[in-house]
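S.K.: predicted model and sequence follow; I will ask about them next.
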Amino acid sequence: MIYLQVGILVLEIILCILLNILLKNKLDKKIRYALCIALLLNCWNMRTYQAMWAVHTLFCLLILLLIFKKRKPILCIILSAIISTSIVTFGYVNMYTIHQTNYNLTTEKNINPTKICFIADVHYPNANNPQRLKAITNTLMKVKPDFYLLGGDFVDESTSEEDMNVLFKQLGRLTKVAPVYFVYGNHENKIKFTRNKLDQAITKNNITILNDQEVQLSNITLVGRKDYTNPNRKKTKDYHLTNKTYNIVLDHQPQGTKENIKNNVDLQLSGHTHNGQMFPLSYSYHLQPDFAGNYGKETFRNYTKIISSGLVGWGFPIRTEGICEYVVVNVTQDK
């Protein structure tokens with residue numbers, strides 16, 4: 001978190017230097033410096049709406065100055081403030097609007113109709129609070145799936161121990177509807193409290209942790225993998241995945257496509273990418289090996305990978321790219 005905060009501050013300083021160069025001989029030095037100082041002071045904490053507004057304002061102002069060829073600087077400042085306000089307002093509304101995304105899959109394997117509710121990347125308490133969390137949990141309970149799958153990054157480096165307990169107490173209510181299974185994400189490795197306390201908070205609320213483990217659910221084999229960053233995690237081939245069962249892999253990061261295809265995996269459910277969250281970050285995932293996309297459904301023969309953009313988001317209090325969602329997957333036998 002601190003590295004990202006420093007990175008944004010350095011970026012703001014660079015943008016301010018460029019802004020001063022572009023506005024030289026166009027605005028008085030005192031006005032230029034006052035403008036830059038005002039924008040920089042708003043960037044002390046990237047979790048604030050002021051910081052998001054300041055970053056977008058600087059970007060918009062630089063672009064407008066280039067478009068207008070440094071003419072009409074006052075107009076450019078006013079327009080950049082209006083555009084930035086619109087972007088941040090959209091990002092706020094988008095962050096607080098949660099969608100249900102549905103996928104209907106068929107298989108040749110002998111399987112009873114199965115409904116799965118998949119949730120990832122809560123990053124509690126970012127853009128969240130106990131009241132909102134309770135309302136979200138109420139919505140998830142109404143889905144009434146055969147089981148819930150929690151795909152990691154539910155807590156992170158900003159989560160307090162109290163926040164953690166509040167989160168998993170609410171999520172434990174889901175077990176009144178159906179079994180709940182959880183895997184760790186990369187941000188669970190950055191928590192302020194011990195992993196043992198996290199494990200206790202999860203299991204005491206009747207949520208099952210799958211840490212490189214598999215369970216049998218009727219004619220379904222469910223595998224929950226350690227995060228991709230863990231060098232000791234098992235290979236897909238180390239699990240008992242045969243053509244006789246419908247095989248689901250719950251893996252926080254959408255890695256391992258080729259490995260999963262070779263080893264009888266029918267469905268992989270992943271999160272991690274947030275579909276960028278902040279434009280244009282989603283495009284960076286296309287540069288990473290074996291991701292096969294950063295959002296949505298990818299299919300190859302009998303293998304399907306579904307990547308969720310997450311229930312909320314990390315760090316930033318807004319979302320200008322992608323949606324906040326939980327995923328409902330219906331699997332039926334192909335007739």
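M.R.: That came through, no problem.

S.K.: tell me what Leu222 is bridged to.
M.R.: According to DSSP bridges, Val215, Ile248 are recorded as the beta-bridge partners of Leu222.

S.K.: thought Glu214 was touching it, still the case?
M.R.: Yes: Leu222 is within contact range of Glu214, at 6.4 Å (criterion: Cβ atoms under 8 Å). Placement of C-beta: from N, CA and C, glycine included.

S.K.: who has more neighbours, those two?
M.R.: A direct count of neighbours by other Cβ atoms under 10 Å for Leu222 and Glu214 places Leu222 higher, at 24 against 18.

S.K.: who are the contact partners of that one?
M.R.: With contacts taken as Cβ atoms under 8 Å, 6 or more residues apart in numbering, Leu222 has the following neighbours: Phe147, Leu149, Tyr181, Leu210, Glu214, Val215, Gln216, Ile248, Leu250.

S.K.: show me where the stretch 1-150 of the chain has strands.
M.R.: Secondary structure of the stretch 1-150 of the chain (DSSP state E, counting those that start in this stretch): strands located at 98-107, 114-119, 147-150.

S.K.: stretch 313-329: end-to-end distance?
M.R.: 21 Å (Cα to Cα, to the nearest Å).

S.K.: tell me the mean pLDDT over that stretch?
M.R.: Mean per-residue pLDDT for stretch 313-329: 92.

S.K.: count the residues that sit near the residue lying closest to Lys134 once chain neighbours are set aside.
M.R.: The shortest distance from Lys134 to any non-neighbouring residue, by Cβ to Cβ, 6 or more residues apart in numbering, is to Gln170 (6.0 Å). Each residue near Gln170 was counted by other Cβ under 10 Å, and the total is 19.

S.K.: Gln170: helix or strand, and which one exactly?
M.R.: helix 161-171 (DSSP states H and E).

S.K.: output the contacting helices and strands for that helix.
M.R.: Contact analysis of helix 161-171 by 3 or more Cβ pairs under 8 Å, 6 or more residues apart in numbering; DSSP states H and E lists helix 130-141, helix 195-203 as its packing neighbours.

S.K.: helices and strands around the helix or strand just after it, which ones?
M.R.: Downstream of helix 161-171, the first helix or strand assigned by DSSP H and E is strand 180-182. When contacts are defined as 3+ Cβ pairs under 8 Å, 6+ apart, strand 180-182 sits against strand 147-150, strand 208-209, strand 220-224.

S.K.: how is this protein carved up into domains?
M.R.: Listed domain ranges for the chain are 2-94, 99-333 (source: automatic domain parsing).

S.K.: figure out the length between the terminal residues of the longest one.
M.R.: End-to-end distance for domain 99-333: 27 Å, by Cα to Cα.

S.K.: roughly how far is that domain from the heart of the chain?
M.R.: Centroid separation between domain 99-333 and its chain, computed with Cα atoms, centre = their mean, to the nearest Å, is 10 Å.

S.K.: equivalent analysis for the shortest one, please.
M.R.: Going by Cα atoms, centre = their mean, the spacing between the C-alpha centre of domain 2-94 and its chain's C-alpha centre is 26 Å.

S.K.: would you mind checking the average pLDDT for that domain?
M.R.: What domain 2-94 shows for mean pLDDT is 80.

S.K.: now stretch 220-231
M.R.: Averaging pLDDT residue by residue across stretch 220-231 gives 95.

S.K.: quick check: buried residues in that stretch?
M.R.: Under the neighbour-count criterion of 16 or more other Cβ atoms under 10 Å, stretch 220-231 has Ile220, Thr221, Leu222, Val223, Gly224, Arg225, Lys226, Asp227, Tyr228 buried.

S.K.: from those, pick the one nearest Lys237.
M.R.: Nearest to Lys237 among the buried residues of stretch 220-231: Val223, at 11.5 Å, using Cβ to Cβ.

S.K.: for stretch 255-268, measure first residue to last.
M.R.: Using Cα to Cα, the gap from the first to the last residue of stretch 255-268 comes to 10 Å.

S.K.: what's in contact with it?
M.R.: When contacts are taken as Cβ under 8 Å, 6+ apart, the neighbours of stretch 255-268 outside the stretch itself are 105, 107, 109, 228, 235-237, 239, 241-243, 246-249, 251, 254, 270, 290-292, 298, 300-306, 329, 331.

S.K.: all helices of the protein, in order?
M.R.: Listed in chain order, the helices of the chain (DSSP state H) span residues 2-23, 29-41, 49-67, 73-95, 130-141, 161-171, 195-203, 257-262.

S.K.: in the third one, what counts as buried?
M.R.: Neighbour-count burial for helix 49-67, counted by 16+ other Cβ under 10 Å, picks out 51-62, 64-65.

S.K.: from those, pick the one nearest Lys26.
M.R.: Relative to Lys26, and with distances defined as Cβ to Cβ, the nearest of the buried residues of helix 49-67 is Leu65, at 8.6 Å.

S.K.: does the closest one touch Pro73 like I think?
M.R.: Yes: with contact defined as Cβ under 8 Å, Leu65 counts as touching Pro73 (6.9 Å).
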